[in-house]
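here are the coordinates; sequence isn't available:
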């Protein structure tokens, strides 16, 4: 009986060591395009810091465009950090920004 109760725990521990599935190249390109835009438009680009361990999910929108939301922190001209969320719409190939909307994350 003890082996039956330990079996699910052993499977759970074995699954923890597996590497994550490789990221879709289009998703990575869309995320990078959004990040590059955020950093290029920031007043203090070196202060940009992305929040979250896992990559943000990328969804498919109208006309095959890719949509990604990124939570980040950046400092303004007074050197005060604020946390914001950027929602980017990127072309279907992931290389061209179509639209970006940034809002305070409060």
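Great, that's in hand. Every value quoted in this text rests on a predicted model; they were computed, and no experiment measured them. Numbers count the residues shown, from 1 in each chain.

and the biggest helix by length in the chain, what does it pack onto?
Counting by DSSP state H, the longest helix found in the chain is helix 25-41. Counting contacts by 3 or more CB pairs under 8 Å, 6 or more residues apart in numbering; DSSP states H and E, helix 25-41 is packed against strand 58-60, strand 66-75, strand 81-90, strand 97-104. Quick note: C-beta positions are derived from backbone N, CA and C, even for glycine.

now that helix, how far from the centre of its chain.
Relative to the centre of its chain, helix 25-41 is centred 9 Å away, using CA atoms, centre = their mean, to the nearest Å.

can you check stretch 33-43 too?
So, by CA atoms, centre = their mean, the centroid of stretch 33-43 is 13 Å from its chain's centroid.

Now do that stretch, average pLDDT.
If you average the pLDDT over stretch 33-43, you get 96.

Compute the inter-axis angle for the longest helix of the chain and strand 66-75.
Put simply, helix 25-41 runs at 30 degrees to strand 66-75, going by axes from the mean of the first three to the mean of the last three CA atoms, to 10 degrees.

Can you list the buried residues in helix 25-41?
26-27, 29-31, 33-35, 37-38 (16 or more other CB atoms under 10 Å).

try stretch 47-66
48, 50, 56, 58, 65-66.

do stretch 79-87 as well
Neighbour-count burial for stretch 79-87 [16+ other CB under 10 Å]: 84, 86.

contact partners of that stretch?
Applying CB atoms under 8 Å, 6 or more residues apart in numbering, the contact partners of stretch 79-87 are 34, 37-38, 44, 47, 51, 67-76, 100-106.
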